[in-house]
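# Here is a sequence with its predicted model. Questions after.
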Amino acid sequence: MKSFRAGVTGRYWHKTDQGKIQCDLCPRYCRLGEGQRGLCFVRAREGDELALTTYGRSSGYCIDPIEKKPLNYFLPGSAVLSFGTAGCNLTCKFCQNWDISKSREFDTLSDAATPETIARAAAELGCRGVAFTYNDPAIFLEYAVDVAAACRERNIRTVAVTAGYICDAPRAEFFPAMDAANVDLKAFTEDFYRKVCGAQLGSVLDTLKFIKHETDTWLELTTLLIPGQNDSPGELDAMTAWVVENLGPDVPMHFTAFHSDWKMRGVPATPRETLSEARVIAMGNGVRYAYTGNVRDAEGGGTYCSDCGECLIRRDWYELGAWRLAPDGSCAACGTPCAGVFEAQPGRWGARRRPVRLADFAA
């Protein structure tokens, strides 16, 4: 069992000619002297190695509905055990989990758990999956991949909620280990990514194409629409057209409402009309499954048959209503297949959020 006190040796780094250690996990390529940490905070130089300092240390364990990730086509209605760690490799000024992702205090990491403990807890709590969320799991790749392996031994699925800002080699290890991913496509301009997130759009688009075409991982996308920043009809048209051309029409897109937070407290909340317009633009470009989020919107929250228009899954926030999918995942009215990962019957977890102490499941 890996120690929780000392950093676990990380992968994807090399020593430079100048004696620095360069982290090759994400396109930041942080170069570290002795004792220094990368911008993500959790990957640090210890001697002549790069360590993942948060292996086995996490925060915020709770059971959520899978729809909260948000994933609407992956085991709808099921319960998922969610957690994150400290730190992040982006610097989004609008971060809505900033108390975790921007944390520089290990006190944030209140629970210690082996991958086996997490998998056992999920199984005993009746969860169909484990979600790496609240901050980006790419930065704790080694821990997430080990948890995923332990979960698969118990038939527990794993979900990555991520910005997708990761280099080629770690990308090829990380995403095939996940059963599903929701990727935050934060905008569709390099200018927004550079100024607001401290990242690069091109690297994220490469990740999306990799997940869709090189893995069996179920993929959904989320874009938080920020007034005056990334919500223009032209940008949404370009984004959704790119998705259909490069990922296909069956990748669900979630357009969610912004509320003032972190370093963008002076920006107003997203009007509901903006979300509805984004949904219309997406469907006009051929996106079959487009959603509005963070608002109560019966039409924008429902799942509809791409052929006959029948409402296949009715949603009220995270509560499921009418269910008109056949056991094989096709439309019960016309037989058209619906993309996704479904079971014969939906889960019944509902909108509950239940905090969990992992210490109760330690061996």
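Cool, got the structure. Treat the numbers as computed from the prediction; the structure is a model and nothing was measured.
# Please parse the protein into its domains.
8-52, 58-361 (automatic domain parsing).
# Need those in JSON lines (columns: mean pLDDT and mean neighbour count).
In short, each C-beta sits where N, CA and C put it, glycine included. Formatted as JSON lines, these follow (pLDDT from 0 to 100; neighbours: other C-beta atoms under 10 Å):
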{"stretch": "domain 8-52", "mean pLDDT": "95", "mean neighbour count": "18"}
{"stretch": "domain 58-361", "mean pLDDT": "93", "mean neighbour count": "19"}
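# and G234, that one's in a helix?
Yes: with DSSP: H, G, I helix; E, B strand; the rest coil as the criterion, G234 is located in a helix.
# so how far is T240 from it?
11 Å (C-beta to C-beta, to the nearest Å).
# what's the answer for L71, then?
19 Å.
# And for N89?
Taking C-beta to C-beta, one finds N89 at 26 Å from T240.
# for T256, same thing?
15 Å.
# So the most centrally placed residue in the chain, which state does it fall into?
For the chain, the residue nearest the mean C-alpha position is V161 (1.2 Å; C-alpha atoms, centre = their mean). Three-state call for V161 (three-state DSSP): strand.
# Could you double-check that it sits in contact with T133?
Yes: V161 is in contact with T133 according to C-beta atoms under 8 Å; the separation is 4.0 Å.
# which residues do the two both contact?
K69 (C-beta atoms under 8 Å, 6 or more residues apart in numbering).
# follow-up on the earlier one: who are the contact partners of the residue nearest to the centre of the chain?
V161 makes contact with K69, A131, F132, T133, Y134, P137, A181, N182, D184, according to C-beta under 8 Å, 6+ apart.
# hey, what's it bridged with?
Taking DSSP bridges as the rule, V161 bridges to N182.
# could we number from 23 for the rest of this?
Sure, I'll start numbering at 23, so the last one becomes V183.
# Against A344, how distant is it?
27 Å.
# try P92
For P92, the distance to A344 - C-beta to C-beta - is 19 Å.
# end to end, how far does stretch 177-196 reach?
Taking C-alpha to C-alpha, to the nearest Å, the first and last residues of stretch 177-196 lie 18 Å apart.
# my bad, should have said stretch 57-76
Chord length of stretch 57-76, first to last residue, is 15 Å (C-alpha to C-alpha).
# distance between it and the chain's centre?
When distances are taken as C-alpha atoms, centre = their mean, to the nearest Å, stretch 57-76 is centred 23 Å away from the chain's centroid.
# Mind listing residues that contact it?
28-32, 34-35, 37, 43, 45, 47-48, 50, 52, 54-56, 107-111, 113, 125-126, 128, 131, 161-165, 220.
# for F214, what are its contacts?
K208, L223, Q251, N252.
# Which member of those is positioned nearest G351?
For those, the residue nearest G351 by C-beta to C-beta is K208; the value is 30.3 Å.
# Please look at that closest one and Y187 and confirm they touch.
No: proximity of K208 to Y187 does not meet the contact threshold set by C-beta under 8 Å, at 9.7 Å.
# hmm, back to that, restricted to helices, list the contacts of stretch 57-76.
L163, E164, Y165 (DSSP state H).
# And these, which is closest to T229?
Nearest to T229 among these, with distances taken as C-beta to C-beta, is L163, at 13.2 Å.
# List the residues that contact that closest one.
G32, R33, Y34, L47, L74, P192, E195, F196.
# What distance do you get for the fourth one to A185?
So the one you mean is L47. 13 Å.
# which residues are common contacts for these two?
With C-beta under 8 Å, 6+ apart as the test, L47 and A185 both reach N111, A160.
# Just the element for the residue lying closest to P49 once chain neighbours are set aside, please.
Closest residue to P49 apart from its sequence neighbours, by C-beta to C-beta, 6 or more residues apart in numbering: S225 at 4.9 Å. Under the criterion of DSSP states H and E, S225 resides in helix 223-236.
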